[in-house]
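Visitor: Mind looking at a prediction? Sequence and model below.
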Amino acid sequence: QVQLVESGGGLVQAGGSLRLSCAASVGTFSNYGVAWFRQAPGKEREFVATIGPGGITYYADSVKGRFTISRDNAKNTAYLQMNSLRPEDTAVYYCAADLKYYGRNARLYDNWGQGTQVTVSS
């Protein structure tokens, strides 16, 4: 079991930026696929971005061009840089990781963090 701890959430005005971090308690983090998902009140959890062990990335259309997912394997940490934030980006953001998968399907991730709240005011 991999423990994932998110940080970096908070309150920001529309147009602002935040960087989320996801710290993993595993020595072989470089072998894991990692993704960010988010869940707004009353809505289902939705895919935001993913990065594979080799660094290939995919994004949801709603965040493409504004968000950037990255990883630092030496620090066992993944990041989500969020720019040009909008009120509709308000949600709890979750980090997920899996040794055998990276992609958009939340059901295929075995390891999840506790989430970090991002609130964007208009």
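Guide: Structure's in. What do you need?
Visitor: What segments of this protein are strands?
Guide: 4-7, 10-13, 18-24, 33-39, 46-51, 57-59, 67-72, 77-82, 91-98, 111-112, 116-121 (DSSP state E).
Visitor: do you know how far the residue nearest in space to the middle of the chain is from Ser21?
Guide: Nearest to the geometric centre of the chain sits Trp36, at 2.4 Å (CA atoms, centre = their mean). To Ser21, Trp36 is 11 Å away according to CB to CB, to the nearest Å. C-beta: built from backbone N, CA, C; applies to glycine.
Visitor: what is in contact with the two at once?
Guide: Counting by CB atoms under 8 Å, 6 or more residues apart in numbering, the residues touching both Trp36 and Ser21 are Ala78.
Visitor: So what pairs up with the residue nearest to Tyr93 when sequence neighbours are not counted in the strands?
Guide: Spatial nearest neighbour of Tyr93, chain neighbours left out: Arg38 (4.8 Å); criterion: CB to CB, 6 or more residues apart in numbering. Beta-bridge pairing of Arg38 under DSSP bridges involves Glu46, Tyr93.
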